Every structure is written in structure tokens, then in C-alpha cells.
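*Asks:* Task: produce atomic coordinates for the following.
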Amino acid sequence: MRKLRAAIIGVGIFAGLGGATHGPGEILQGNVSPTAIMIKAWPQLAATALGGEPAITIIPNYIVPGILAIFFGILVTAWAGAYVERRMGGMILILLSIAMLLVGAGVVPPLFGVAAGIMGVVLNRRTGKQGVVGA
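*Replies:* Numbering: from 1, shown residues only. Below is the predicted model:
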């Protein structure tokens, strides 16, 4: 169980930090409205293997999603590191990761966050914490 717990925490932290790195690239693009829901967080890196760090945002601006991407990235990192093994911790990590997806924190990092959340739910079911209040 210790190895599974360490893997969940590691993947969750990776997801949060990966999502937060999209924020500065979006903020640097300024107070401009994106042309589509799919954006590039770092368009100056479009020629690299990452293709400009694709992201999705439902907010019609670059600065606000950038700030929210950093906020939710840090929140996912903290939640994965401290609370994922608590009751409903995995489900909350999944919800935070979906929020991270919708505010421009990338496409891939939220997928890792959802995967860590699913593993957290499995861990809680195996250890019996799913129905214990305050566990």
C-alpha cells in the first residue's frame, strides 16, 4: 500500500505542477481574447515537441485563465500531497483536475490528475476509508 500511495501522490503532484506551468505562458500573452476554446499556453514554443503546450479554456481571456491555471495547479499539487488518501480525497482530486482542464492548465496534466484521483479512490476502497467519516 505504501508504494501505491507514493505513486498516487507523485502522479498528483506532477499533474498539479504541470498544470501550473501553463499559467505564466497564458499571462504573458496579455489581455487578449483567444480565437477558440483550444489555445496554446506557450505559443512561442510551437515548434517544439510540445506544440506550444495545448490547453482548453472556457474563459474568453488569456490573463484570467493563466492566473486560474496557476491557482488550480497549486491546489491540485497540495491536495495530492496532503489529502488524496482521505475519504473522498480521490474524488475531489478528480474534480479539481477537471476544473484545471477547463481553466487553461493544459490537456495532459489534468489527465494525470484524474488518473491519480482514480487511483486514490481505489486506494480508499482497499483500505476501507471510503465510508469512514473523518478518515
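*Asks:* For the chain, give me the ranges with low pLDDT.
*Replies:* The model of the chain has pLDDT under 70 over residues 45-50, 129-135.
*Asks:* can you give me the helices in it?
*Replies:* Listed in chain order, the helices of the chain (DSSP state H) span 2-20, 22-27, 63-82, 89-102, 108-127.
*Asks:* Would you mind telling me which of those is nearest A55?
*Replies:* Closest approach to A55 among these is made by helix 22-27 (5.3 Å; CB to CB). For glycine as for every other residue, the C-beta is placed from the backbone atoms N, C-alpha and C.
*Asks:* How about residues contacting that closest one?
*Replies:* With contacts defined as CB atoms under 8 Å, 6 or more residues apart in numbering, helix 22-27 is touched by 39-43, 45, 53, 55, 57, 62-63, 65-70, 73, 104-106, 109.
*Asks:* ok, 6 Å please
*Replies:* Outside helix 22-27, the residues that touch it by CB atoms under 6 Å, 6 or more residues apart in numbering are 41-42, 53, 55, 62-63, 65-66, 69-70, 104-106.
*Asks:* Kindly reformat these as JSON lines containing neighbour count and distance to R86.
*Replies:* Shown next, in JSON lines, are these (neighbours: other CB atoms under 10 Å; distance: CB to CB, whole Å):
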{"residue": "A41", "neighbour count": "29", "distance to R86": "31"}
{"residue": "W42", "neighbour count": "20", "distance to R86": "34"}
{"residue": "E53", "neighbour count": "24", "distance to R86": "31"}
{"residue": "A55", "neighbour count": "31", "distance to R86": "29"}
{"residue": "Y62", "neighbour count": "22", "distance to R86": "35"}
{"residue": "I63", "neighbour count": "16", "distance to R86": "34"}
{"residue": "P65", "neighbour count": "28", "distance to R86": "29"}
{"residue": "G66", "neighbour count": "26", "distance to R86": "30"}
{"residue": "A69", "neighbour count": "29", "distance to R86": "25"}
{"residue": "I70", "neighbour count": "21", "distance to R86": "24"}
{"residue": "G104", "neighbour count": "30", "distance to R86": "28"}
{"residue": "A105", "neighbour count": "36", "distance to R86": "23"}
{"residue": "G106", "neighbour count": "25", "distance to R86": "26"}
